[in-house]
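Enquirer: I would like to see how this sequence folds:
(4 chains)
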2 protein chains.
Amino acid sequence: MKAKSLPSKTGLFPALPLDQVIVGDCIAAIEALPPASVDMVFADPPYNLQLGGDLRRPDDSLVDAVDDDWDKFASFAEYDAFTRAWLSACRRVLKPDGALWVIGSYHNIFRVGSILQDLGFWMLNDIVWRKANPMPNFRGRRFTNAHETLIWAARGESSKYTFHYEALKGGNDDLQMRSDWYLPLCTGDERLKDEAGVKVHPTQKPEALLARVMLSASNPGDVVLDPFFGTGTTGAVAKALGRRFIGIEREQSYARAARARIDAVEPLPPAAFATAPSKRTEPRVAFLSLVEAGLVKAGERVFDVKRRHEALIRADGTLLLDPVVGSIHKVGALAQGLPACNGWTFWHVERDGAPVLLDSLRGEIRAQMAAA
Amino acid sequence: MKAKSLPSKTGLFPALPLDQVIVGDCIAAIEALPPASVDMVFADPPYNLQLGGDLRRPDDSLVDAVDDDWDKFASFAEYDAFTRAWLSACRRVLKPDGALWVIGSYHNIFRVGSILQDLGFWMLNDIVWRKANPMPNFRGRRFTNAHETLIWAARGESSKYTFHYEALKGGNDDLQMRSDWYLPLCTGDERLKDEAGVKVHPTQKPEALLARVMLSASNPGDVVLDPFFGTGTTGAVAKALGRRFIGIEREQSYARAARARIDAVEPLPPAAFATAPSKRTEPRVAFLSLVEAGLVKAGERVFDVKRRHEALIRADGTLLLDPVVGSIHKVGALAQGLPACNGWTFWHVERDGAPVLLDSLRGEIRAQMAAA
DNA sequence: GAAATTCGTGAATCGGACC
DNA sequence: AGGTCCGATTCACGAATTT
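Expert: The predicted model follows:
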C-alpha cells in the first residue's frame, strides 16, 4: 500500500494521513485532522445492542452474539453523547459539498438519524440493506430481522453532493436504483478469519455494500474517512476503486488485520468494478401476497383438480380445512394424506366458472414484481 | 356500522367510543380516554416533509405534493414536542401488554423512533414497506425513495405482546415472515376520490398493509386506536377483520369520508380471520394422562428415533433411566447430555412394529379433550 | 469423481405458567 | 416477587463429509 500525505496548508494540523490506519480514539483522531478536508464519511458505529442472556438455536447450539466491550453503553443518554461527539467531529472535517453515510439497526439508527439532523446534516435517503441470508428469529417471537438501515446525508442543505445517477441506473437494467438494496452477508473467503478459523471481527460488512456506496456517491481520488474502521472493508474497497481512505480504529488487532488485508488488494480499473448485481433468482412469492393483491379473496374456497378436497382461504394467507389451519402446502398434504405437497400446483380457485391453478396466479404477481 | 360503547368503570372517563370517529385534536381526544384501555395503536402521523418549492416531472407537470397545513412544523423542536405529546398520550391508554405501530419516512421516523425509546416503549422490529410502484425520483438526484418504515414497539420491555408467528409463517410458504414487506401503493378503486375524481387524502395507506399489521399483532375483538385516522383505512380493515377501532381525526372532511367508507365494509366470515391454534396456546397435557388413558402402558419402554437411548415408563408418568427417575423432558435431556429437551418430540413407543412419537399420542388426547 | 447429506454460522434487544 | 420447570423454536449459504 502506498501511504501519502497531503501537505498541511496552515501548519496548525499535520498533513492528511492518506491510505493509513490510525489506531486510537476516533473523536480525538478526527479532531486532529484539518477542517473541510474529506469528501465522504462512511461510519459503522457500535449499535448499542443491549442483549440480555444467552440465545440458543432450536438445535441447542449457542448463538455467538456481539458482546464486545466496545458495544456497551450505560444508557441512551450516554450513547447519544457519544454519537453527537463523533458526528460533530466528522462534520467539521467534511468539505462543504461532502456527505456522510452511516449504517445501523433499529437499536441505534433512530438515535443517529435524529442527532445528525440536529447537527445540520441534510438527509438525502435512507437506504435499506435487505439481507439475502439473515439469521432467523429462533424463538419465533418477532419478524426475522432481515435488514439494516443506512443513512445518506449531505453536510448541509446547500451542499452540492456527488451522485452518479446514470452509472447506477446503467447497472440496474436502466431502472432508477431504489432505496432498498438486496445483498448477501459477508461470508466465505471474504470473511476475515484468524489462524484458528475464528472470525476476526463480529460485524464485518460485505464489500459489495461499500462498493455500491462509493460508486454512487464519490469520485475517483476522493478521500473517504471511516472512524470505525474495524477490519478495513472501507479501505479495501476504496483502494480497489481508486479512492483514498483514512481509517481510524481503536483496537490494535483489528487495525493490524485491516492493514494486511488492504495491502493484498489489487486496484481495479473502475470500469471493471460495476455495481454488484443483485442475485437474479426467481422471487419467492408468499401466498399471502395473492390475498393482499386481491387475486384471491379471504373467505373464498380452493379445491383440487378433481374437486375431491376443498379448503377456505383465510385473511392471513393460510388455509382452513376444518379443524386444521396451515399453509397451502401443509393443508394440501393433509388433504391427500401425503407427507408433502406443493400447494401452488395442487389448489385451484374458480374464475369465470373454470378452475384456475394458484401457480398461474403466482405468475401474475411475479410479472408485477419484475415490472417494478 | 354498529357503534357501541363500553361502560366506564370509574365515572372519571366516558365510556370507550368503540367503532367511532372522533373529530378533534388527537392529544386532547386521547387524554379523554380511560387508561390501559387499548390493545394496539396504529399511527400514521404527519411526516414533516420540509418540501422546498414545487416539484415538476420531466414533462413539466406538477407533482401533487403534500403541502397541507397539518404537515407544517416550524422546527425539529416543535415536531419533537408534538411527537412526544401524542406518543405519551398513547402510552397511557395502552394496556400493559399492548403495542404500538407507527409509520414514517426518513423525514420524521428517526425523531419518532428516538422519542418512543425515550418514553419507555420497547422496540420489537422495524419493518420496511417496500413499495411495488414508488414514485420515481424525477430529478435523478437521489435514489428512488421506494420504501417507508414502520416501527413495532411494545408498551414496555416486559409487555407480553401479541404475535401470531405461526399464521404469518403459514401464509409465507412455511418460512418466517421477514422484516421487509413488498406491497403495492394504494391506487385504483381502493383509493378514495371525490366527485371530481381528486384523491381525498394525500397519503392514504393500502389496506393490505394494515391487514398484515393487525393479523400479525392483534386478536379478533381487540381495540385498535388510530390517532391520525385520515380516511379510515385502519377502521375499514379493523371492521373487515373483526377488530374494534377508535379513530381520531382533526379534519371534518376526512372523518366524513372515513365514516362512509367504513359503513360500506362487509366483515369477513370469522373463520377467515379467527386466530389459528398454535402449539403455544393448545391445552397442556400431562404425560401421566397418556398412561391413565392407556395410550402408553406403565412398564413399557420408550426410545429415541435412532434407538440410541431407552427408558422405562413408570405408573406415575415419570421415566426411569437407571438409576435416574424424572419427567420425559429431564430424562431426555439426561440421555443426550443436553441442558434441556422436549420429551414429547424426543421419545417414541413401538406400535405395530413402528416407532410412534409421544407428540402424536398427545394429539389423540387433545382430540378427545376437544370432543368432550 | 459426482452427487447427496450433514454441519457450521450470521449485529439478536428472541418465555411463561405455576407454585 | 422469585424460583422451578415445562417445552417451543431456524433460513440461507458455503464448507465439509459421506455415499
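Enquirer: Under a three-state scheme, what state does the residue lying closest to A:L241 once chain neighbours are set aside occupy?
Expert: With sequence-adjacent residues excluded and distances taken as Cβ to Cβ, 6 or more residues apart in numbering or on different chains, A:L241 is closest to A:M214, at 5.5 Å. From N, CA and C alone the C-beta is placed, and that goes for glycine too. Under DSSP: H, G, I helix; E, B strand; the rest coil, A:M214 falls in the helix class.
Enquirer: Now do A:M214, the pLDDT please.
Expert: A:M214 carries a pLDDT value of 95.
Enquirer: surely it meets A:K239?
Expert: No. Counting by Cβ atoms under 8 Å, A:K239 is not a contact partner of A:M214; they are 10.8 Å apart.
Enquirer: Looking at these two, which is more packed in?
Expert: More neighbours surround A:M214 than the other of A:M214 and A:K239, with 27 against 23 (other Cβ atoms under 10 Å in any protein chain shown).
Enquirer: That one: what's it in contact with?
Expert: Going by Cβ atoms under 8 Å, 6 or more residues apart in numbering or on different chains, A:M214 touches A:40, A:42, A:224, A:237-238, A:241, A:243.
Enquirer: ok, now A:S88?
Expert: Here A:S88 is in contact with A:L119 (criterion: Cβ under 8 Å, 6+ apart).
Enquirer: Relative to DNA strand D, how far out is it?
Expert: Computed as Cβ to the nearest atom of the strand, to the nearest Å, the A:S88 to DNA strand D distance reads 39 Å.
Enquirer: now A:N133
Expert: Counting by Cβ to the nearest atom of the strand, the gap from A:N133 to DNA strand D is 4 Å.
Enquirer: If we ignore the residues flanking it in sequence, what's nearest whichever residue of chain A sits closest to chain B?
Expert: Relative to chain B, the nearest point of chain A is A:G317 (2.3 Å; Cβ to the nearest Cβ). With sequence-adjacent residues excluded and distances taken as Cβ to Cβ, 6+ apart, A:G317 is closest to B:G171, at 2.3 Å.
Enquirer: Tell me how many other residues surround the one you found.
Expert: Neighbours around B:G171, by other Cβ under 10 Å: 30.
Enquirer: same check, this time on the one 3 residues further on
Expert: B:D174 is flanked by 14 other residues according to other Cβ under 10 Å.
Enquirer: Next up, the contacts around the residue nearest to it when sequence neighbours are not counted.
Expert: In space, and not counting its chain neighbours, B:D174 is closest to A:S327: 4.8 Å by Cβ to Cβ, 6+ apart. Neighbouring residues of A:S327 by Cβ under 8 Å, 6+ apart: A:287, A:317-319, A:343, B:169-174.
Enquirer: Give me the buried stretch members for the helix or strand containing A:I27, please.
Expert: According to DSSP states H and E, A:I27 maps onto helix A:26-31. Under the neighbour-count criterion of 16 or more other Cβ atoms under 10 Å in any protein chain shown, helix A:26-31 has A:26-27, A:29-30 buried.
Enquirer: Stretch A:137-153 now?
Expert: A:137, A:140, A:142-153.
Enquirer: all helices for the stretch 251-372 of chain A, in order.
Expert: A:252-263, A:287-292, A:328-336, A:358-371 (DSSP state H, counting those that start in this stretch).
Enquirer: Compare the mean pLDDT across those helices and name the weakest.
Expert: Among the helices of the stretch 251-372 of chain A, helix A:358-371 scores lowest, at a mean of 86.
Enquirer: Name the residue of the stretch 101-250 of chain A that lies nearest to DNA strand C.
Expert: A:R139 (3.0 Å; Cβ to the nearest atom of the strand).
Enquirer: So which bits of stretch A:91-107 are buried?
Expert: Residues of stretch A:91-107 classed as buried under the neighbour-count rule (16+ other Cβ under 10 Å) are A:91, A:93-95, A:98-107.
Enquirer: same deal with stretch A:64-81?
Expert: Buried, per 16+ other Cβ under 10 Å, within stretch A:64-81: A:71, A:73, A:76, A:79-80.
Enquirer: before we move on, what about stretch A:213-220?
Expert: A:213-218.
Enquirer: Please apply the same query to stretch A:282-302.
Expert: In stretch A:282-302, counting by 16+ other Cβ under 10 Å, buried: A:285-293, A:295-296, A:298-299, A:301-302.
Enquirer: For burial, what's the neighbour tally of A:N172?
Expert: 15.
Enquirer: That one looks like it's in a strand, true?
Expert: No. Looking at A:N172 with three-state DSSP, it is coil, so not inside a strand.
Enquirer: Would you mind naming what in the stretch 101-250 of chain A lies close to DNA strand D?
Expert: Residues of the stretch 101-250 of chain A lying near DNA strand D by Cβ under 7 Å from any atom of the strand: A:132-140, A:144, A:184, A:187-189.
Enquirer: Which pair of the residues you listed spans the longest distance?
Expert: A:G140 and A:D189 (32.9 Å; Cβ to Cβ).
Enquirer: you'd agree A:L215 is up against A:L241?
Expert: Yes. With contacts counted by Cβ under 8 Å, A:L215 reaches A:L241, the gap being 6.8 Å.
Enquirer: Can you pull out the low-pLDDT segments for chain A?
Expert: Within chain A, the segments meeting pLDDT under 70 span A:1-10, A:270-281, A:370-372.
Enquirer: in it, which residue is closest to the centre?
Expert: A:W129 (2.7 Å; Cα atoms, centre = their mean).
Enquirer: rewinding a little: now render the contacts of A:S327 as JSON lines, adding distance to B:P14.
Expert: Listed next are the contacts of A:S327 as JSON lines, based on distance: Cβ to Cβ, whole Å:
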{"residue": "A:F287", "distance to B:P14": "43"}
{"residue": "A:G317", "distance to B:P14": "39"}
{"residue": "A:T318", "distance to B:P14": "39"}
{"residue": "A:L319", "distance to B:P14": "43"}
{"residue": "A:G343", "distance to B:P14": "49"}
{"residue": "B:K169", "distance to B:P14": "41"}
{"residue": "B:G170", "distance to B:P14": "40"}
{"residue": "B:G171", "distance to B:P14": "39"}
{"residue": "B:N172", "distance to B:P14": "42"}
{"residue": "B:D173", "distance to B:P14": "47"}
{"residue": "B:D174", "distance to B:P14": "46"}
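Enquirer: Say whether DNA strand D is contacted by stretch A:289-307.
Expert: No. Judged by Cβ under 7 Å from any atom of the strand, stretch A:289-307 makes no contact with DNA strand D; its nearest approach is 15.0 Å.
Enquirer: how long is that stretch end to end?
Expert: 24 Å (Cα to Cα, to the nearest Å).
Enquirer: what do you get for stretch A:348-363?
Expert: 14 Å.
Enquirer: Show me what counts as buried in that stretch.
Expert: In stretch A:348-363, counting by 16+ other Cβ under 10 Å, buried: A:348-349, A:358, A:361-362.
Enquirer: and it, how far from the chain's centre?
Expert: 37 Å (Cα atoms, centre = their mean, to the nearest Å).
Enquirer: hmm, it touching chain B?
Expert: No. Judged by Cβ under 8 Å from any Cβ of the partner chain, stretch A:348-363 makes no contact with chain B; its nearest approach is 10.5 Å.
Enquirer: on that earlier part again, can you redo the contacts of A:M214 as a markdown table with secondary structure?
Expert: Shown next, in a markdown table, are the contacts of A:M214 (three-state DSSP):
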| residue | secondary structure |
| --- | --- |
| A:M40 | strand |
| A:F42 | strand |
| A:V224 | strand |
| A:V237 | helix |
| A:A238 | helix |
| A:L241 | coil |
| A:R243 | coil |
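Enquirer: Mind telling me what element A:R91 is part of?
Expert: Going by DSSP H and E, A:R91 is in helix A:76-93.
Enquirer: Quick one: residues contacting the residue nearest to A:G317.
Expert: So B:G171 contacts A:286-288, A:291, A:316-318, A:327, B:177 (Cβ under 8 Å, 6+ apart).
Enquirer: tell me which of the residues you listed is nearest to DNA strand D?
Expert: Looking across those and measuring by Cβ to the nearest atom of the strand, the closest to DNA strand D is B:M177, at 8.8 Å.
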